[in-house]
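In: All I have is the shape, not the residue letters:
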């Protein structure tokens with residue numbers, strides 16, 4: 001509200017002497033100076049990333065009334081994945097799976113995902129949500145447990 005009151009509508013317009021938290025100041029400075037910031041811990045992690053790099057995203061449902069046998073109310077059931085693969089030559093490839101049939105998608109979801117991921121490379125996700133989905137699949141599909149974990 002304070003920034004709007006003084007006419008600021010863009011981060012670049014925030015006065016240098018305006019009181020900001022340390023993280024807000026860092027973000028403002030990066031935008032104003034057109035410089036990127038990589039946290040030291042992240043920089044170290046990035047050194048361990050191996051090609052091909054798999055950028056994963058999942059879509060799920062969590063119905064109040066279980067739709068499939070062996071599920072409970074609000075249990076996460078994945079039905080779609082997308083995988084953007086960056087190869088060593090930096091070419092990008094998109095892979096995807098979407099269950100359009102009225103059936104439990106978990107077996108096919110896991111099988112197609114594991115085939116797409118192969119045995120090499122690093123997996124990158126935006127949040128830990130995908131990890132939780134994989135843990136649920138590993139519990140439900142013991143024959144895929146080792147590879148899903």
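Out: Structure's in. What do you need? All values reported here derive from a predicted model rather than from experimental measurement. Residues are numbered from 1 along each chain as shown.

In: And for the spatially closest residue to residue 76 that is not a sequence neighbour, the neighbour number?
Out: Residue nearest to residue 76 in three dimensions, not counting chain neighbours: residue 60, with 4.7 Å by CB to CB, 6 or more residues apart in numbering. Heads up, the C-betas are built off the backbone N, CA and C, glycines and all. Counted with other CB atoms under 10 Å, residues neighbouring residue 60 total 18.

In: I figured residue 20 hits residue 11, correct?
Out: No. Here residue 20 lies out of contact with residue 11, judged by CB atoms under 8 Å, at a distance of 10.2 Å.

In: so what sits against both of those two?
Out: Residues touching both residue 20 and residue 11 by CB atoms under 8 Å, 6 or more residues apart in numbering: residue 28.

In: Could you pull up phi and psi at residue 122?
Out: Main-chain dihedrals, residue 122, degrees, to the nearest 10: phi -120, psi 150.

In: ok, now how distant is it from residue 55?
Out: Separation of residue 122 from residue 55 (CB to CB, to the nearest Å): 10 Å.

In: how near is the closest residue to residue 105 other than its chain neighbours to residue 109?
Out: Closest residue to residue 105 apart from its sequence neighbours, by CB to CB, 6+ apart: residue 99 at 3.5 Å. Residue 99 sits at a distance of 7 Å from residue 109 (criterion: CB to CB).

In: overlap in contacts of those two?
Out: A shared contact of residue 99 and residue 109, defined by CB under 8 Å, 6+ apart, is any residue touching both; here these are 79, 80.

In: what about the two, which has more around it?
Out: In this comparison of residue 99 against residue 109, neighbours counted by other CB under 10 Å, the higher total goes to residue 109 at 23 against 18.

In: Which helix or strand contains that one?
Out: The secondary structure element spanning residue 109 is helix 106-117 (assigned by DSSP states H and E).
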